[in-house]
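Enquirer: Next one to model:
(3 chains)
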Amino acid sequence: MDIMANVLLAAGCSPAMAHSLDEVEAFVGISSCLLVNMGTLSPDWVASKKLAARRAVELGKPWVLDPVGCGATPVRTASCLQLLGCGPSVVRGNASEILALAGAAGSGVRGVDSTAASKDALEAAKQLATAHKCIVAVSGEVDYVTDGKAVVGVRNGHELLTLITAAGCSLTALIAAFLTVAPQQPLLATVHALAVFGLAGEEGLKLAPRPGPGSLRVGLLDMLHLMDEATVKAGARIEVVA
Amino acid sequence: MDIMANVLLAAGCSPAMAHSLDEVEAFVGISSCLLVNMGTLSPDWVASKKLAARRAVELGKPWVLDPVGCGATPVRTASCLQLLGCGPSVVRGNASEILALAGAAGSGVRGVDSTAASKDALEAAKQLATAHKCIVAVSGEVDYVTDGKAVVGVRNGHELLTLITAAGCSLTALIAAFLTVAPQQPLLATVHALAVFGLAGEEGLKLAPRPGPGSLRVGLLDMLHLMDEATVKAGARIEVVA
Amino acid sequence: MDIMANVLLAAGCSPAMAHSLDEVEAFVGISSCLLVNMGTLSPDWVASKKLAARRAVELGKPWVLDPVGCGATPVRTASCLQLLGCGPSVVRGNASEILALAGAAGSGVRGVDSTAASKDALEAAKQLATAHKCIVAVSGEVDYVTDGKAVVGVRNGHELLTLITAAGCSLTALIAAFLTVAPQQPLLATVHALAVFGLAGEEGLKLAPRPGPGSLRVGLLDMLHLMDEATVKAGARIEVVA
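Expert: Numbering: from 1, shown residues only, chains lettered A, B, ... in the order given. All right, here's what the predicted structure looks like:
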């Protein structure tokens, strides 16, 4: 939660993290967008996640699902599937998570090991997006974003980002932030969030004393705050794949 | 909790974070000061907070309340009010939180949105301090500290501090630390904690590669450890307002 | 948890943090090593810790115990003792924690205050190691590692490491990581983890703008990723004590 909140603050948002059953619905009421992260699966947290997701749908607010570790344990897969059923606007995972989620959702795609490349999960992502009427993003060396038909690829990022815990979760948080600006264009919002996050990682190491994950975390937060539009336009590597 | 603990360690303290009902009272027994932060409001955590606060009062130990997000949800306001009733030595919040807390406590002051300046909450702070016989600090561009009569302003700080998650919570933690040194002078302890924290933020960015929130977090912790008395004396901007 | 996960990622591992009763056994099933950290003692977390430890033993997988704050409260000491009874491969604590754990386990050694030097806990560590057929590491200015008979000392480290919250917990996490590489040589794995962690701390401050705990945390993570074998061989200060 620490780095997710810091990423959102650096990017100009006003995040609040809540998980108590008593107040998640009230928090959704005052928020522009909801992020549901499946990292922690205590029974009462899962109940809160469902409550919050349903409230967001009721209020017509966008919400984003991060199916952390989907496929790793049966409970985890089942919980992710339940949240998927609540109707997210966007789902963002790595290839293994998206494959496991699609497999559990009956797409016919089989789950594979965690070394899967993002491209391996593209078909699963398209099926998920079509079946659940949402945007699905698969992050990896190349990130893919699809609404079930169109596919956009994003080539920004730095390989050391995978060595920062919750970097993927933070990326999903940034997608939620971008959705608040363009709730009617979730594919576009997701693509730009991926590009900006990856670019901040690339730029973030440039003034670091060493190319290590500790320095990258610092520089990533700095650049999410400092990058201007010109830097993003010059550095974003976005391509329409299909 | 991570940055709060790191702030306290950098400042020379020995923090322990506990929330289990089974051991909070024992921890209060071996502590010099208790900090109650309302960030997480699971039902058992709220029960632990009350138990710990009551134990601190029983033992005559100072304790500090941070009413995180007071006013944001009904449960949050009600929980903060319950803790206020346990008799804190110091309460530290931003203008919105102090306004909401004072309003809920029946001061007649109305809560306003989160863009309130610290000055807007000064009257509410004075009423809270008088009614609950405690010190109330309102942080913002200028921080105000009052015992209900005297008002002291502190002008240290860096605007990027608001982009670090839990920076306010960490500031409250530092107040608790300063209270352990001067438990009989809570106003003075609070004022100096605010000045030192703000000054560490100002100094912390001076050697940073970039003026971003990632670098500030690193420099803040460095300077809380490294600042000497001369730097504090030269840099503290404290003024008696009333 | 944040810095523990980042330490493991920097060192090349693939950490997963789980505490739900519903999935800890499944996670142990797909892990190479289990780390049980006693920092958080909510009742359901303690139950999960025991379940996970027993599953690791059933599966013949190594597991490491960090008795955080053992001796600080009765609940904490009792919980640590219960986990010790589950048969850890390695136990790592500071002198106070090891003395308290040995005392509670009936070694006849008396607990002392938290200012104890690691050497003061050496006898307690040997008794614990012998009685529980495990490796015990006592960290301090000099770290000691024993299997009950042999004692190895490690002199790497930086005094500012004690000002980073969960640095000790992260060190224990690195021991778990090294155990996955040499599960049959737990003493050797533990000694090398201590040396590498300490050395990363020493090296980590070398390019920092200031010698503070914020910079050290960044540099530590950088160096855990970047240090090569030659640096470790040149810098490790390991000696056979007995």
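Enquirer: which strands and helices sit next to the longest helix along chain A?
Expert: Assignment by DSSP state H gives helix A:186-204 as the longest helix of chain A. Contacting helix A:186-204 under the criterion 3 or more Cβ pairs under 8 Å, 6 or more residues apart in numbering or on different chains; DSSP states H and E are the following elements: strand A:90-94, strand A:135-139, strand A:143-146, strand A:151-154, helix A:167-181, helix A:213-226, helix A:229-235. (Glycine included, C-beta is placed from N, CA and C.)
Enquirer: What are the buried residues along whatever helix or strand residue A:56 lives in?
Expert: Secondary structure from DSSP states H and E places residue A:56 in helix A:43-58. When burial is assessed from 16 or more other Cβ atoms under 10 Å in any protein chain shown, helix A:43-58 yields the following buried residues: A:45, A:46, A:48, A:49, A:50, A:52, A:53, A:55, A:56, A:57.
Enquirer: Would you mind pulling up the elements that that helix packs against?
Expert: Contact here means 3+ Cβ pairs under 8 Å, 6+ apart; on that basis helix A:43-58 packs against helix A:24-29, strand A:34-37, strand A:63-66, helix A:74-84.
Enquirer: Validate this expectation: residue A:41 resides in a strand.
Expert: No. Using DSSP: H, G, I helix; E, B strand; the rest coil, the secondary structure at residue A:41 is coil, not a strand.
Enquirer: Surely it touches residue C:22?
Expert: Yes. Look at residue A:41 against residue C:22 with Cβ atoms under 8 Å: they come within range, at 6.9 Å.
Enquirer: Contact partners for the closest residue to residue A:157 other than its chain neighbours?
Expert: Using Cβ to Cβ, 6 or more residues apart in numbering or on different chains and skipping residues adjacent in sequence, the residue nearest residue A:157 is residue A:198, 3.5 Å away. The contact partners of residue A:198, by Cβ atoms under 8 Å, 6 or more residues apart in numbering or on different chains, come to A:143, A:154, A:155, A:156, A:157, A:158, A:161.
Enquirer: Distance to residue A:133, neighbour count and pLDDT added to these, as TSV?
Expert: Conversion of those to TSV gives the following (distance: Cβ to Cβ, whole Å; neighbours: other Cβ atoms under 10 Å in any protein chain shown; pLDDT from 0 to 100):
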residue	distance to residue A:133	neighbour count	pLDDT
A:143	21	26	98
A:154	22	26	98
A:155	27	14	98
A:156	27	21	98
A:157	28	24	97
A:158	33	22	96
A:161	30	23	97
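Enquirer: could these go into TSV alongside distance to residue A:175?
Expert: Compiled in TSV, the contacts of residue A:198 are given as follows (distance: Cβ to Cβ, whole Å):
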residue	distance to residue A:175
A:143	11
A:154	12
A:155	17
A:156	14
A:157	14
A:158	18
A:161	15
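Enquirer: Nearest to chain B, out of the helices and strands packed on helix A:186-204?
Expert: Go through these one by one with Cβ to the nearest Cβ and the one that ends up closest to chain B is helix A:213-226, at 2.6 Å.
Enquirer: Quick one: work out the angle between the closest one and helix A:167-181.
Expert: 10 degrees (axes from the mean of the first three to the mean of the last three Cα atoms, to 10 degrees).
Enquirer: Just want to check the distance between the closest residue to chain C within chain A and residue A:148.
Expert: Distance from chain C to each residue of chain A (Cβ to the nearest Cβ) is smallest for residue A:212, at 2.6 Å. Using Cβ to Cβ, to the nearest Å, one gets 39 Å for the distance from residue A:212 to residue A:148.
Enquirer: Which residue of those two possesses the greater neighbour count?
Expert: Set side by side, residue A:212 and residue A:148 show more neighbours around residue A:212, with 24 against 17, by other Cβ atoms under 10 Å in any protein chain shown.
Enquirer: For that one, what are phi and psi?
Expert: Backbone torsions of residue A:212, given as degrees, to the nearest 10, read phi -120, psi 170.
Enquirer: Is it in contact with residue C:227, as I believe?
Expert: No. In this structure residue A:212 lies outside contact range of residue C:227 using Cβ under 8 Å: 9.8 Å.
Enquirer: Any chance you could list what contacts stretch A:18-36?
Expert: Under the criterion Cβ under 8 Å, 6+ apart, residues A:4, A:16, A:40, A:44-45, A:47-49, A:51-53, A:55-56, A:59, A:61-66, A:83, A:88, A:172-173, A:176-177, A:179-180, A:183, B:40-43, B:72-76 lie in contact with stretch A:18-36.
Enquirer: In it, which residues are buried?
Expert: A:18-28, A:31, A:33-36.
Enquirer: Extract the residue ranges of chain A that are flagged as low pLDDT.
Expert: A:108-115 (pLDDT under 70).
Enquirer: 50 instead, please
Expert: In the prediction, chain A carries residues with pLDDT under 50 at positions A:111-113.
Enquirer: got the residues of it near chain C?
Expert: Applying Cβ under 8 Å from any Cβ of the partner chain, one finds that chain A approaches chain C through A:2-3, A:39-43, A:69, A:72-76, A:114, A:160, A:162-166, A:209-215, A:217-218.
Enquirer: distance of residue A:204 from residue B:38?
Expert: Distance, residue A:204 to residue B:38, by Cβ to Cβ: 33 Å.
Enquirer: Can you pick out the residue with more neighbours from these two?
Expert: Set side by side, residue A:204 and residue B:38 give different neighbour counts by other Cβ under 10 Å, the larger being at residue A:204 (27 against 23).
Enquirer: Show the end-to-end separation of stretch A:128-137, please.
Expert: In terms of Cα to Cα, to the nearest Å, the two terminal residues of stretch A:128-137 are separated by 10 Å.
Enquirer: Buried residues of that stretch, list them for me.
Expert: Under the neighbour-count criterion of 16+ other Cβ under 10 Å, stretch A:128-137 has A:128, A:129, A:132, A:134, A:135, A:136, A:137 buried.
Enquirer: what do you get for stretch A:211-224?
Expert: Buried residues in stretch A:211-224, counting neighbours by 16+ other Cβ under 10 Å, are found at A:212-224.
Enquirer: Is that stretch positioned near chain B?
Expert: Yes. With Cβ under 8 Å from any Cβ as the threshold, stretch A:211-224 lies in contact with chain B, specifically through A:217, A:218, A:219, A:220, A:221, A:222, A:223.
Enquirer: So which of these is the closest to residue C:192?
Expert: Taking Cβ to Cβ as the measure, residue A:217 is the one of these closest to residue C:192, at 25.9 Å.
Enquirer: Do I have it right that that closest one meets residue B:214?
Expert: Yes. Under the contact definition of Cβ under 8 Å, residue A:217 touches residue B:214, with a separation of 6.8 Å.
Enquirer: Residues of chain A that sit close to chain B?
Expert: Taking Cβ under 8 Å from any Cβ as the criterion, the contact residues of chain A with chain B come out as A:2, A:5-6, A:9-10, A:14-20, A:22-23, A:26-27, A:30, A:44, A:204, A:207-208, A:217-223, A:225-226.
Enquirer: Go ahead and list the helix or strand containing the residue in chain A sticking out farthest from the centre.
Expert: In chain A, the greatest distance from the average C-alpha position (Cα atoms, centre = their mean) is reached by residue A:209, at 29.4 Å. When elements are defined using DSSP H and E, residue A:209 is found to belong to no helix and no strand.
Enquirer: my read: it touches residue C:204, true?
Expert: No. Counting by Cβ under 8 Å, residue A:209 does not reach residue C:204; the two are 10.0 Å apart.
Enquirer: which neighbours do these two share?
Expert: Looking at what touches both residue A:209 and residue C:204 (by Cβ under 8 Å, 6+ apart), the common residues are C:219, C:222.
Enquirer: Next up, the contacts around the most centrally placed residue in chain A.
Expert: In chain A, the centroid-proximal residue (Cα atoms, centre = their mean) is residue A:172; its distance is 2.3 Å. Contacts were defined as Cβ under 8 Å, 6+ apart; by that measure residue A:172 touches A:35, A:37, A:64, A:66, A:92.
Enquirer: Name the residues that touch stretch A:79-86?
Expert: In this structure, residues lying in contact with stretch A:79-86 by Cβ under 8 Å, 6+ apart are A:36, A:38, A:41, A:46, A:49-50, A:53-54, A:57, A:65, A:67, A:70, A:91, A:97, A:100-101, A:104-105, A:128, A:132.
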